[in-house]
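> Mind folding the following:
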Amino acid sequence: MDAQFDPQLNRNLAALIGSRICHDLISPVGAISNGLEMLTLTGTPSGPEMHLLQSSADHANARLRFFRVAFGLSSDGQIMTEDDVCAILSDVFTGNIAVDWQLQGVLDRPLVQAVFLALLCVETALPYGGRITLSGQADTVTLTAQGERLACEGDHWHILTQRNAPGDLSAALVQFALLPEVLAKLQRNATIDRTPNTVTLRI
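Now for the predicted structure:
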(Lines give C-alpha, C1' and ligand atoms only; values in the text may rest on other atoms or scores of the structure.)
Protein backbone atom coordinates (compact mmCIF):
# COMPACT_ATOMS: atom_id res chain seq x y z
CA MET A 1 0.00 0.00 0.00
CA ASP A 2 1.30 3.42 -0.94
CA ALA A 3 2.29 5.66 1.96
CA GLN A 4 0.09 8.66 2.54
CA PHE A 5 1.70 11.88 3.68
CA ASP A 6 0.04 14.68 5.57
CA PRO A 7 -0.08 17.80 3.31
CA GLN A 8 0.83 19.93 6.32
CA LEU A 9 3.92 17.80 6.87
CA ASN A 10 4.90 18.27 3.24
CA ARG A 11 4.58 22.07 3.59
CA ASN A 12 6.67 22.02 6.78
CA LEU A 13 9.32 19.88 5.09
CA ALA A 14 9.53 22.35 2.20
CA ALA A 15 9.97 25.21 4.67
CA LEU A 16 12.58 23.26 6.64
CA ILE A 17 14.51 22.58 3.43
CA GLY A 18 14.42 26.29 2.62
CA SER A 19 15.65 27.15 6.11
CA ARG A 20 18.44 24.57 5.94
CA ILE A 21 19.70 25.73 2.53
CA CYS A 22 19.74 29.39 3.55
CA HIS A 23 21.32 28.61 6.93
CA ASP A 24 24.12 26.57 5.38
CA LEU A 25 24.86 29.13 2.67
CA ILE A 26 24.75 32.31 4.77
CA SER A 27 27.99 31.52 6.62
CA PRO A 28 30.24 30.82 3.59
CA VAL A 29 28.79 33.70 1.58
CA GLY A 30 29.32 35.99 4.58
CA ALA A 31 32.88 34.70 4.91
CA ILE A 32 33.54 35.54 1.25
CA SER A 33 32.25 39.07 1.82
CA ASN A 34 34.38 39.49 4.95
CA GLY A 35 37.42 38.09 3.16
CA LEU A 36 37.08 40.55 0.31
CA GLU A 37 36.78 43.41 2.80
CA MET A 38 39.94 42.24 4.58
CA LEU A 39 41.80 42.14 1.26
CA THR A 40 41.08 45.82 0.74
CA LEU A 41 42.47 46.56 4.21
CA THR A 42 45.75 44.82 3.34
CA GLY A 43 46.38 47.13 0.42
CA THR A 44 44.95 45.04 -2.39
CA PRO A 45 44.00 47.40 -5.24
CA SER A 46 40.31 48.27 -5.04
CA GLY A 47 39.43 48.29 -8.72
CA PRO A 48 36.14 47.57 -10.51
CA GLU A 49 36.77 43.82 -10.27
CA MET A 50 36.99 43.92 -6.48
CA HIS A 51 33.95 46.17 -6.31
CA LEU A 52 31.98 43.72 -8.45
CA LEU A 53 32.99 40.78 -6.27
CA GLN A 54 32.19 42.64 -3.04
CA SER A 55 28.79 43.90 -4.20
CA SER A 56 27.86 40.46 -5.55
CA ALA A 57 28.79 38.74 -2.28
CA ASP A 58 26.90 41.34 -0.21
CA HIS A 59 23.82 41.04 -2.40
CA ALA A 60 23.89 37.24 -2.23
CA ASN A 61 24.09 37.43 1.56
CA ALA A 62 21.15 39.82 1.67
CA ARG A 63 19.04 37.64 -0.64
CA LEU A 64 19.73 34.60 1.54
CA ARG A 65 18.57 36.45 4.65
CA PHE A 66 15.44 37.55 2.79
CA PHE A 67 14.71 34.05 1.45
CA ARG A 68 15.26 32.52 4.89
CA VAL A 69 12.34 34.58 6.18
CA ALA A 70 10.16 34.23 3.08
CA PHE A 71 10.63 30.50 2.41
CA GLY A 72 11.88 29.13 5.71
CA LEU A 73 9.96 27.77 8.68
CA SER A 74 8.42 30.38 10.97
CA SER A 75 6.75 29.70 14.30
CA ASP A 76 4.39 31.54 16.60
CA GLY A 77 6.27 33.57 19.18
CA GLN A 78 9.10 34.55 16.85
CA ILE A 79 9.30 38.29 16.24
CA MET A 80 11.15 40.71 13.99
CA THR A 81 11.76 44.37 14.70
CA GLU A 82 11.35 47.20 12.24
CA ASP A 83 15.13 47.65 12.19
CA ASP A 84 15.68 43.97 11.34
CA VAL A 85 13.22 44.07 8.45
CA CYS A 86 14.43 47.38 7.03
CA ALA A 87 18.06 46.23 7.18
CA ILE A 88 17.21 43.20 5.04
CA LEU A 89 15.09 45.14 2.55
CA SER A 90 17.62 47.95 2.11
CA ASP A 91 20.30 45.40 1.25
CA VAL A 92 18.09 43.40 -1.15
CA PHE A 93 16.34 46.15 -3.10
CA THR A 94 19.26 48.15 -4.41
CA GLY A 95 18.30 48.25 -8.09
CA ASN A 96 15.46 49.89 -9.97
CA ILE A 97 12.77 48.98 -7.42
CA ALA A 98 12.56 51.11 -4.27
CA VAL A 99 10.81 49.78 -1.17
CA ASP A 100 9.21 52.14 1.34
CA TRP A 101 8.52 50.31 4.63
CA GLN A 102 6.03 52.38 6.64
CA LEU A 103 5.00 49.71 9.16
CA GLN A 104 6.24 50.41 12.66
CA GLY A 105 7.08 48.37 15.70
CA VAL A 106 7.58 44.66 16.25
CA LEU A 107 5.85 42.10 14.02
CA ASP A 108 5.37 38.37 14.42
CA ARG A 109 7.73 36.50 12.13
CA PRO A 110 4.90 34.51 10.45
CA LEU A 111 3.36 37.84 9.41
CA VAL A 112 6.71 39.12 8.13
CA GLN A 113 6.99 35.91 6.13
CA ALA A 114 3.63 36.64 4.51
CA VAL A 115 4.67 40.23 3.83
CA PHE A 116 7.96 39.13 2.22
CA LEU A 117 6.12 36.63 0.00
CA ALA A 118 3.62 39.35 -0.93
CA LEU A 119 6.54 41.64 -1.72
CA LEU A 120 7.94 39.03 -4.11
CA CYS A 121 4.51 38.82 -5.75
CA VAL A 122 4.09 42.55 -6.37
CA GLU A 123 7.73 42.83 -7.44
CA THR A 124 6.82 40.81 -10.55
CA ALA A 125 4.43 43.59 -11.56
CA LEU A 126 7.38 45.99 -11.98
CA PRO A 127 9.62 44.53 -14.72
CA TYR A 128 10.82 48.04 -15.60
CA GLY A 129 11.20 49.30 -12.04
CA GLY A 130 9.11 51.42 -9.72
CA ARG A 131 8.25 51.77 -6.06
CA ILE A 132 6.59 49.43 -3.56
CA THR A 133 5.06 51.01 -0.47
CA LEU A 134 4.16 48.87 2.54
CA SER A 135 1.70 50.52 4.90
CA GLY A 136 -1.10 49.80 7.36
CA GLN A 137 -1.12 48.00 10.70
CA ALA A 138 -0.44 44.45 11.85
CA ASP A 139 -4.07 43.47 11.25
CA THR A 140 -4.04 44.59 7.59
CA VAL A 141 -0.88 45.20 5.58
CA THR A 142 -1.14 47.01 2.24
CA LEU A 143 1.46 46.70 -0.50
CA THR A 144 1.18 49.21 -3.33
CA ALA A 145 3.34 48.81 -6.43
CA GLN A 146 3.67 51.86 -8.66
CA GLY A 147 5.35 51.99 -12.03
CA GLU A 148 4.94 53.29 -15.55
CA ARG A 149 4.61 49.87 -17.18
CA LEU A 150 2.96 47.21 -15.06
CA ALA A 151 2.79 43.48 -15.74
CA CYS A 152 -0.06 42.06 -13.68
CA GLU A 153 -2.35 40.25 -16.09
CA GLY A 154 -1.02 36.71 -15.77
CA ASP A 155 -3.14 33.84 -14.49
CA HIS A 156 -0.84 33.42 -11.49
CA TRP A 157 -2.41 36.51 -9.87
CA HIS A 158 -5.69 34.61 -9.49
CA ILE A 159 -3.96 32.10 -7.22
CA LEU A 160 -3.78 34.72 -4.46
CA THR A 161 -7.56 34.98 -4.18
CA GLN A 162 -8.70 31.59 -5.48
CA ARG A 163 -6.01 29.50 -3.73
CA ASN A 164 -5.81 27.10 -6.64
CA ALA A 165 -2.22 26.85 -7.90
CA PRO A 166 -1.69 25.06 -11.22
CA GLY A 167 0.67 22.12 -11.35
CA ASP A 168 2.86 23.77 -14.00
CA LEU A 169 3.61 26.93 -12.02
CA SER A 170 7.19 28.04 -12.69
CA ALA A 171 9.81 28.33 -9.96
CA ALA A 172 10.00 32.10 -10.50
CA LEU A 173 6.35 32.39 -9.42
CA VAL A 174 6.34 29.94 -6.50
CA GLN A 175 5.57 32.81 -4.09
CA PHE A 176 2.06 33.03 -5.57
CA ALA A 177 1.37 29.46 -4.42
CA LEU A 178 3.04 29.83 -1.03
CA LEU A 179 1.44 33.10 0.06
CA PRO A 180 -2.15 31.73 0.26
CA GLU A 181 -0.87 28.83 2.37
CA VAL A 182 0.81 31.19 4.83
CA LEU A 183 -2.22 33.49 4.90
CA ALA A 184 -4.51 30.53 5.64
CA LYS A 185 -2.46 29.73 8.75
CA LEU A 186 -2.78 33.38 9.78
CA GLN A 187 -6.54 33.28 9.07
CA ARG A 188 -6.22 36.04 6.48
CA ASN A 189 -7.25 36.55 2.88
CA ALA A 190 -5.67 38.48 0.03
CA THR A 191 -7.41 41.16 -2.03
CA ILE A 192 -6.06 42.82 -5.16
CA ASP A 193 -6.92 46.18 -6.74
CA ARG A 194 -5.50 47.45 -10.03
CA THR A 195 -5.30 50.83 -11.75
CA PRO A 196 -3.31 51.69 -14.89
CA ASN A 197 -0.22 52.55 -12.82
CA THR A 198 -0.66 50.70 -9.51
CA VAL A 199 -1.26 47.25 -8.09
CA THR A 200 -2.46 47.09 -4.49
CA LEU A 201 -2.27 43.83 -2.56
CA ARG A 202 -3.82 43.68 0.91
CA ILE A 203 -3.16 40.81 3.29
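> Quick test: name the residue nearest the centre of the chain.
residue 116 (3.7 Å; Cα atoms, centre = their mean).
> so that one touches residue 72, yeah?
No - taking contacts as Cβ atoms under 8 Å, residue 116 lies outside contact range of residue 72: 10.1 Å. For the C-beta atoms, the positions are set from N, CA and C on the backbone; glycine is no exception.
> Assign residue 168 to helix, strand or coil.
With DSSP: H, G, I helix; E, B strand; the rest coil as the basis, residue 168 sits in coil.
> what about it, how many neighbours?
Using other Cβ atoms under 10 Å, residue 168 has 5 other residues around it.
> Check it and give its pLDDT.
Note on residue 168: pLDDT of 76.
> what's the distance between the closest residue to residue 70 other than its chain neighbours and residue 66?
Among residues not flanking residue 70 along the chain, residue 116 sits closest, at 3.9 Å (Cβ to Cβ, 6 or more residues apart in numbering). Distance, residue 116 to residue 66, by Cβ to Cβ, to the nearest Å: 6 Å.
> same deal with residue 161?
25 Å.
> Quick one: residues contacting residue 36.
Applying Cβ atoms under 8 Å, 6 or more residues apart in numbering, we find residue 36 in contact with 50, 53, 54, 57.
> next one: residue 192
Counting by Cβ under 8 Å, 6+ apart, the residues that residue 192 touches are 157, 160, 161, 199, 200, 201, 202.
> Show me these that map onto strands.
Using DSSP state E, the subset of these located in strands is 199, 200, 201, 202.
> hang on, the earlier thing: for the one helix or strand the residue nearest to the centre of the chain maps to, what is the average pLDDT?
Here residue 116 sits within helix 109-123, counting by DSSP states H and E. On average, the pLDDT along helix 109-123 is 96.
> Kindly report the same for stretch 32-48.
The average pLDDT within stretch 32-48 is 72.
> which parts of it are buried?
32, 33, 36 (16 or more other Cβ atoms under 10 Å).
> Is it possible to get TSV of the residues you listed that adds secondary structure and distance to residue 96?
Shown next, in TSV, are the buried residues of stretch 32-48 (DSSP: H, G, I helix; E, B strand; the rest coil; distance: Cβ to Cβ, whole Å):
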residue	secondary structure	distance to residue 96
32	helix	26
33	helix	23
36	helix	25
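> nearest to residue 121, of these?
residue 33 (28.6 Å; Cβ to Cβ).
> Just the strands from the protein, written as ranges.
So, for the chain - with DSSP E - the strands run 79-80, 97-101, 107-108, 130-137, 140-146, 191-195, 198-202.
> mind checking which of those strands is nearest residue 91?
For the strands of the chain, distance to residue 91 was read as Cβ to Cβ. The smallest value, 10.9 Å, belongs to strand 97-101.
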